[in-house]
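Chemist: sequence unknown, structure follows:
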């Protein structure tokens, strides 16, 4: 049902980001939020699994006509062993004008499709009920047995009525009547009226005063007239007792098996949900570690880029300074060049020329060079 949920990942994200808002809207009866809160408690997303809370949200009046909500209510009731209520929810989910049991079987199948669409493992349902429903759909003798098994499991009006109808179709009117009474079916019900009439007609036929019968005894034949009603009644009573005993024993065994199967399913489902939660936590942890490593790498690259830019800027400043220094040196040399020539060509001794060179050329050169550089580098950065 795309309107209400797309997949588990989206539901987890919505729960973790705006779970309080979803809960608030659900409390006010918003259908979308009620469905999401039901899924949160059904699957245990950021909260313990709680079928009662999930059922509360799925059962909100705003979702009464939503098939998926009814299917999930049926699934919860089935897991809790309330099969009668589970079948009613499954039947409510089916819109088609089809027999009760057929709708139940079809909607339980649709529940499997729903969970598959959510990318969840195929949900485990009660295998005994699944087997009985499959037998019912086959029809024939299997339908009669399946109808009785369903009535024994569910014990509700619909299942008892189905069992009674199947037995009536097979001509077993007395057994059909017992299931009509077990299901507290109204005497005005059309099937109840038909079964009552068949039983009444059958009793009238058996109450004939005499029955002409041929009895073979040691290869000799003789005719006798006797009332066999009492004999038939005793046989019928014994058959009924044996049938009831067998059905009770079967139900007790199945009930124990259903309980053990239910516990195993619940344990498996709990383990599966726990595993999903652990996997999700591990995935989130790895994702955070990956994001932290990526952020650290980005910061390191930014620091390297900054250091490289600073180094480049320093190199450019150094080159600029060296160019200025060379220019200053050339200017000073040009200015002192006439003095240098004077020292060289003056009519002086060598010692005096050297002293003059040092006094009037070298010393002024160094002094001027230092002064000019100081002045220039004040204005040139």
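Modeler: Good, I have the coordinates. The model shown is predicted, which means the values in this text are computed figures rather than measured ones.
Chemist: just checking, what packs against the longest helix along the chain?
Modeler: What stands out as the longest helix in the chain, according to DSSP state H, is helix 229-345. Secondary structure elements in contact with helix 229-345, counted by 3 or more CB pairs under 8 Å, 6 or more residues apart in numbering; DSSP states H and E, are helix 67-79, helix 127-138, helix 140-154, helix 173-182, helix 350-357, helix 363-379. Yep, even glycine has a C-beta here, placed from its N, CA and C like the rest.
Chemist: so who does residue 19 touch?
Modeler: 40, 46 (CB atoms under 8 Å, 6 or more residues apart in numbering).
Chemist: SS state for residue 46?
Modeler: Recorded secondary structure, residue 46: coil (DSSP: H, G, I helix; E, B strand; the rest coil).
Chemist: grab the nearest non-local neighbour of it.
Modeler: residue 15 (5.3 Å; CB to CB, 6 or more residues apart in numbering).
Chemist: isn't there a strand covering that neighbour?
Modeler: No - under three-state DSSP, residue 15 sits outside any strand and is assigned helix.
Chemist: isn't it right up against residue 40?
Modeler: Yes - using CB atoms under 8 Å, residue 15 makes contact with residue 40 at a distance of 5.6 Å.
Chemist: what do those two both touch?
Modeler: With CB under 8 Å, 6+ apart, residue 15 and residue 40 have common neighbours 22, 46.
Chemist: those two: who's more crowded?
Modeler: Each of residue 15 and residue 40 has its neighbours counted (other CB atoms under 10 Å); residue 40 has more, 25 against 20.
Chemist: check the spacing between the more buried one and residue 76 real quick.
Modeler: As defined by CB to CB, to the nearest Å, residue 40 lies at a distance of 14 Å from residue 76.
Chemist: can you check residue 104 too?
Modeler: Taken as CB to CB, the span from residue 104 to residue 76 is 15 Å.
Chemist: neighbour count for the two, which is higher?
Modeler: Taking other CB under 10 Å, residue 104 and residue 76 do not tie; residue 104 has more neighbours (27 against 22).
Chemist: ok, residues contacting the helix or strand where the more buried one lies?
Modeler: If you go by DSSP states H and E, residue 104 is part of helix 100-117. Helix 100-117 is contacted from outside by 1, 67-68, 70-72, 74-75, 87, 90-91, 93-94, 96, 98, 121-123, 125, 130, 133-134, 136-137, 147, 150, 158, 162, using CB under 8 Å, 6+ apart.
Chemist: tell me the buried residues within those.
Modeler: 67-68, 70-72, 74-75, 87, 90-91, 93-94, 123, 125, 133, 136, 147, 150, 158, 162 (16 or more other CB atoms under 10 Å).
Chemist: low-confidence ranges in the chain?
Modeler: Applying pLDDT under 70 to the chain flags the ranges 1-7, 121-124, 202-258, 340, 343-344, 346-348, 353, 379-381.
Chemist: burial of residue 58, as a residue count?
Modeler: When neighbours are counted by other CB under 10 Å, residue 58 registers 27.
Chemist: related to what we said a few turns ago, residues touching the residue nearest to residue 46, list them.
Modeler: Counting by CB under 8 Å, 6+ apart, residue 15 makes contact with 22, 36, 40, 45, 46.
Chemist: and the furthest pair within those?
Modeler: Farthest apart among the contacts of residue 15 by CB to CB are 36 and 46. That separation is 12.1 Å.
Chemist: if we can go back for a sec, need the overlap of contacts for residue 40 and residue 76.
Modeler: residue 54.
Chemist: now the helix holding residue 104 and helix 127-138, what's the angle there?
Modeler: Calculated by axes from the mean of the first three to the mean of the last three CA atoms, to 10 degrees, helix 100-117 forms an angle of 120 degrees with helix 127-138.
Chemist: to the chain's geometric centre, what's the distance from helix 100-117?
Modeler: Centre-to-centre, helix 100-117 and its host chain are 17 Å apart (CA atoms, centre = their mean, to the nearest Å).
Chemist: what of stretch 104-124?
Modeler: 11 Å.
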